[in-house]
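Chemist: After the sequence you'll find the predicted model.
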Amino acid sequence: MTVRVRFAPSPTGMFHVGGARSALQNWIYAKQQGGVFVLRIEDTDAARNKPEWTEGILSALDWIGISRGSYEGPYFQSANAGEHRAAAARLNESGRAYYCDCTREDVQARTGSQYQGYDGYHRDRGLGPGPGHALRFRTPDEGATVVVDLIRGEPTFENKLIEDFVIARGDGSPVFLLANVVDDMTMGITHVIRAEEHLPNTPKQQLLWEALGVKPPIWAHVPVVVNEKRQKLSKRRDKVALEAYRDEGYLAGAMRNYLMLLGWAPSDDREIVPWSVIEDEFRLDEVNLSSAFFDEKKLRAFNGEYIRALPVAEFIDACQPWLTGTGTIAPPPWQPEEFDADAFAAVAALAQTRIAVLSEIVPNVDFLFLASPLIDEAAWTKTMKDGSAELLDDAVAAFEALESWDAESLKSTLEAVGAERGLKLGKTQAPVRVAVTGRTVGLPLFESLEVLGRERTLTRMRAARLRLV
């Protein structure tokens, strides 16, 4: 048997990080088994689907390494609508489904307002198709449905506790449960790997597989991804869009490494490991049952490690979208002609050790490319206190006299200026840093001044001095 797995997202919004994890797990399992990864876009919610969401899914998958052309598809669920309706008709003709025109109020009136399920009222009343007549699956009254799950063993569901559920609406359109099963059957899916939130639907889907005469797939329900409050990650409440992390400057390698640790761990309790190791060691039956905490702080730390591990040339290339702007990344505060590639290359290695996401490169280097620095007013107020004007005067005079404009000379000169005032270097350099870069923190000061150059440095220090008059 050739293993065939599928990833079946809906194009109704940004690509969820939980979906990205499911895609990676399916992708690795297919590769390990010599199988096929199928991408199916479940686009039957016409009111919410947008073409740009579909393109977002494809580009996000590309970004995390599931590249176009390396999988089967994408297929679109809407293209299989004829098969969905045909399956519903077969179930009706075989007696495994029946029509019902009951409203929720009808059921509540018969059974009491607290009753939450359907009471089987139309099971044997012979109602035919028609407007407002939903098609319900006739669930067995006895026995149990056993789900074979690679992670959870064999969850067992008593059939008498599963209500006769709707498989087609009053207008004849199939609901998700039936469409999903028919698509998986049509595409020959052998293993369904998905989040545990779908487990309650699994006995219903398995009953549909069996009623349609096809052996059900092997299931694997991975733990749901939660936030710090142990709540399921929500698009309305949490930062969950993979594209948002990409555009903030997370590296694809760091993201997919971290996602694969949500519910599973490689050997020796390692966390930051090569992708090839994850591909080799990942086992579905080793995924734990507990919900997986998506810790953005930990992801950020991961990303910083990945950034620092890049060769400097690759780091420079990786920063380019934030240095120039793209369709989804805002342009930097400087004009394109103001950017100096050589100046950036001169400080890149220094910046690489100080940022955790690539977007942070902009506030670290903007002082190099702007005509004047962007002043952080809070930093100015905190730093430019009594004595700062005189200190800047002395520093300007000392810097003007320098024969060699290099980091070491700049440092020793400013140390001497501070020593005359009984100040350590940290206190001495703070006003200079704010005057030149606009901030109290950033790249090493003296290397920055060396790259900025004598004229621009002195011009900014004089301008800051005038502001203190």
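Modeler: That came in fine, so what should we check first?

Chemist: now residue 305: how far from residue 63?
Modeler: 19 Å (C-beta to C-beta, to the nearest Å). The way it works is simple: take the backbone N, C-alpha and C, and place the C-beta from them, glycine included.

Chemist: Looking at the two, which has the bigger crowd around it?
Modeler: Between residue 305 and residue 63, residue 63 has the larger neighbour count (other C-beta atoms under 10 Å), namely 20 against 14.

Chemist: Check the contact between residue 165 and residue 203; I expect there is one.
Modeler: No. Judged on C-beta atoms under 8 Å, residue 165 makes no contact with residue 203 at a distance of 10.2 Å.

Chemist: And residue 452, how far from residue 280?
Modeler: On the measure of C-beta to C-beta, residue 452 and residue 280 end up 48 Å apart.

Chemist: Which residue, neighbours along the chain excluded, lies closest to residue 162?
Modeler: The shortest distance from residue 162 to any non-neighbouring residue, by C-beta to C-beta, 6 or more residues apart in numbering, is to residue 139 (4.7 Å).

Chemist: residues in contact with that neighbour?
Modeler: 159, 162, 163, 164, 165, 204, 207 (C-beta atoms under 8 Å, 6 or more residues apart in numbering).

Chemist: Which among those count as buried?
Modeler: 162, 164, 165, 204, 207 (16 or more other C-beta atoms under 10 Å).

Chemist: if I look at the third one, how far off is residue 62?
Modeler: Using C-beta to C-beta, we find residue 165 at a distance of 37 Å from residue 62.

Chemist: Give me the three-state assignment for the nearest residue to residue 301 once chain neighbours are set aside.
Modeler: The shortest distance from residue 301 to any non-neighbouring residue, by C-beta to C-beta, 6+ apart, is to residue 356 (7.1 Å). Following DSSP: H, G, I helix; E, B strand; the rest coil, we place residue 356 in the coil state.

Chemist: go on, residue 465?
Modeler: Strictly by three-state DSSP, residue 465 counts as helix.

Chemist: give the contact list for it.
Modeler: Here residue 465 is in contact with 389, 392, 393, 396, 435 (criterion: C-beta under 8 Å, 6+ apart).

Chemist: All the helices of the stretch 1-150 of the chain, residue numbers only.
Modeler: 17-32, 51-63, 81-93, 104-111 (DSSP state H, counting those that start in this stretch).

Chemist: oh sorry, the question was meant for the stretch 251-400 of the chain
Modeler: According to DSSP H, counting those that start in this stretch, the helices that the stretch 251-400 of the chain contains are 252-260, 275-281, 296-309, 312-324, 341-352, 361-369, 377-383, 388-400.

Chemist: The residue nearest to residue 123 when sequence neighbours are not counted: neighbouring residues, count only.
Modeler: Distances taken as C-beta to C-beta, 6+ apart place residue 98 nearest to residue 123, at 6.0 Å, with adjacent residues excluded. Using other C-beta under 10 Å, residue 98 is surrounded by 22 other residues.

Chemist: Please apply the same query to the one 4 residues further on.
Modeler: Here the number of neighbours of residue 102 (other C-beta under 10 Å) works out to 19.

Chemist: same deal with residue 154?
Modeler: 8.

Chemist: For it, which non-adjacent residue is spatially closest?
Modeler: Nearest non-adjacent residue to residue 154 (C-beta to C-beta, 6+ apart): residue 146, at 5.3 Å.

Chemist: Okay, and the beta partners of the one you found?
Modeler: Judged by DSSP bridges, the bridge partners of residue 146 are residue 156.

Chemist: thought it was touching residue 153?
Modeler: No. Residue 146 is not in contact with residue 153 according to C-beta under 8 Å; the separation is 9.9 Å.

Chemist: What are the structural domain limits within the protein?
Modeler: Here the domain parsing of the chain from automatic domain parsing is 4-77+176-225, 85-168, 377-467.

Chemist: now the end-to-end length of the first one.
Modeler: The straight-line separation of the ends of domain 4-77+176-225 (C-alpha to C-alpha, to the nearest Å) is 24 Å.

Chemist: Just checking the distance from that domain to the centre of its chain.
Modeler: Distance, stretch centre to chain centre, for domain 4-77+176-225: 17 Å (C-alpha atoms, centre = their mean, to the nearest Å).

Chemist: what's the distance between the residue lying farthest from the centre of the chain and residue 400?
Modeler: The centre of the chain is farthest from one residue, residue 420, which by C-alpha atoms, centre = their mean lies 53.7 Å away. Distance of residue 420 to residue 400, given as C-beta to C-beta: 16 Å.

Chemist: sorry, back to before: in strands only, show me the contacts of residue 139.
Modeler: Under the assignment DSSP state E, the contacts of residue 139 contribute nothing to strands.

Chemist: and the spatially closest residue to residue 467 that is not a sequence neighbour, what is it in contact with?
Modeler: Distance criterion C-beta to C-beta, 6+ apart; nearest residue to residue 467, sequence neighbours excluded, is residue 384 at 7.9 Å. Counting by C-beta under 8 Å, 6+ apart, residue 384 touches 431, 434, 464, 467, 468.

Chemist: can you give me the mean pLDDT across stretch 437-446?
Modeler: For stretch 437-446, mean pLDDT rounds to 96.

Chemist: what residues does stretch 358-368 touch?
Modeler: Contacts of stretch 358-368 (C-beta under 8 Å, 6+ apart): 247-251, 307, 318-319, 321-323, 329, 332-334, 340, 343-344, 347, 351, 354-355, 373-374, 436-439, 442-443, 448, 451-452.

Chemist: Check the gap between the residue nearest to residue 468 when sequence neighbours are not counted and residue 456 for me.
Modeler: The shortest distance from residue 468 to any non-neighbouring residue, by C-beta to C-beta, 6+ apart, is to residue 389 (4.2 Å). Between residue 389 and residue 456 the distance is 20 Å, computed by C-beta to C-beta.
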